[in-house]
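Q: sequence and predicted structure, then a few things I'm wondering about:
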Amino acid sequence: MKKFNYCIDCKKELNRLDAKRCKKCYILWLKNNSKFFNHPDRFGSKNPNFNKDNTHNNKCIVCKKKISKNAIRCQSCAGKERFKNNIKKKYFCKDCGTETKNRYSKYCRFCCHDGNRNGNWKNGLSTLSLRIRTSEKNKKWLNNILKRDNYTCKKCNQRGGDLEVHHIKSFTRLINEFLKEYNQFSPYKDKEKLVRLAMNYNKFWNLDNGITLCCKCHKNTFNLKGKP
């Protein structure tokens, strides 16, 4: 059976079973019985939050609406002026000078991850092998091998597509031999000197040490077996 609840004063049906009065009757009851509403020292100048300085005739510069004491414009006029100023202003990256969308960002989306701003920054200790692999001479060496083999895989004879250059003698072995020859230099402190020496080290740039392979054949080689 459904239970019904009614207001004590006006006998109106209520949604809640634990309520005694409706909203209107509750407000009237508060005014008559509450100490806050009946206290004589709570109204007007007797209230502790009353401020005499709030009585002013300050108006907006643009639309002449009444506004607060310290304001110059109303909210709508201030918003319009902010929008005009944002359209005129342009913000640029500190490093590369490209335009940024956000006025709060000092760098563009590429420069904000460069150098010591990157989360993986380790005080400039990027590996020697990475510096050699990303050099322009290495890119030319890769292109020369692809042209020599006529852009075809040497195992499955696939022409074009996803082709890669495979080192017959692994790149890690070549670096170990290179570091043994120049063991007087540190790979961390004297990294820039070693990069310059690597550009003239003939074993890195020997065309007979490279073969063109497709992705599938390259994964099946001894060096890359078991890698994803």
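A: That came through, no problem.

Q: what's downstream of the helix or strand of the chain with the lowest mean pLDDT, the next helix or strand?
A: One helix or strand of the chain scores below all others by mean pLDDT, DSSP states H and E: helix 35-38, with a mean of 60. Of the helices and strands lying after helix 35-38 in sequence (DSSP states H and E), the nearest is helix 75-88.

Q: and that next one, what does it pack onto?
A: The contact analysis (3 or more Cβ pairs under 8 Å, 6 or more residues apart in numbering; DSSP states H and E) places helix 75-88 against no helix or strand. Backbone N, C-alpha and C define where each C-beta goes, glycine included.

Q: what mean pLDDT does it get?
A: Average pLDDT, helix 75-88: 78.

Q: not counting its own residues, what contacts it?
A: C60, I61, V62, C63, I72, R73, R103 (Cβ atoms under 8 Å, 6 or more residues apart in numbering).

Q: can you tell me how far the closest residue to the third one other than its chain neighbours is from N15?
A: This means V62. What sits nearest to V62 in space, not counting adjacent residues and going by Cβ to Cβ, 6 or more residues apart in numbering, is C77, at 4.4 Å. Relative to N15, C77 is positioned 44 Å away (Cβ to Cβ, to the nearest Å).

Q: same question for C215.
A: 68 Å.

Q: which one of the two has more residues nearby?
A: Per other Cβ atoms under 10 Å, whichever of C215 and N15 has more neighbours is C215, with 13 against 7.

Q: picking that back up, just flag the most distant two among the contacts of helix 75-88.
A: C63 and R103 (26.9 Å; Cβ to Cβ).

Q: coming back round to it: now the contacts of helix 75-88 as TSV including distance to K3 and neighbour count?
A: Rendered in TSV, the data for these read as follows (distance: Cβ to Cβ, whole Å; neighbours: other Cβ atoms under 10 Å):
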residue	distance to K3	neighbour count
C60	56	17
I61	61	12
V62	59	14
C63	56	11
I72	59	13
R73	57	17
R103	60	10
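
Q: how about the helices in the protein?
A: 23-33, 35-38, 75-88, 128-133, 136-148, 171-181, 191-199, 215-219 (DSSP state H).

Q: other SSEs contacting the last one?
A: Put plainly, it is helix 215-219. strand 163-167.

Q: who does the strand it packs on touch, helix- and strand-wise?
A: helix 136-148, strand 210-214, helix 215-219.

Q: run through who's touching that strand.
A: By Cβ under 8 Å, 6+ apart, the list of residues contacting strand 163-167 reads 142, 145-146, 151, 153, 174, 209-215, 218, 221, 223.

Q: same question, stretch 204-215
A: 132, 137-138, 141-142, 144-146, 148-149, 151-156, 158, 161-169, 174, 178, 198, 203, 221.

Q: wait, what's in contact with K20?
A: Contacts of K20 by Cβ under 8 Å, 6+ apart are C7, I8.

Q: per-residue confidence at it?
A: Predicted confidence (pLDDT) for K20: 87.

Q: repeat for C156
A: 90.

Q: could you find the closest non-adjacent residue to it?
A: C217 (5.8 Å).

Q: isn't that neighbour up against G161?
A: No. Using Cβ atoms under 8 Å, C217 is not in contact with G161; the gap is 11.4 Å.

Q: filter the contacts of strand 163-167 down to the buried ones, PyMOL style.
A: Restricted to buried positions by 16 or more other Cβ atoms under 10 Å, the PyMOL selection for those reads:
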select buried, resi 142+145+146+153+174+209+210+211+212+213+214+218
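
Q: now for the contacts of strand 163-167: which two are most distant?
A: Y151 and L174 (24.6 Å).

Q: where are the low-confidence patches of the protein?
A: 1-2, 34-56, 85-88, 122-126, 222-228 (pLDDT under 70).
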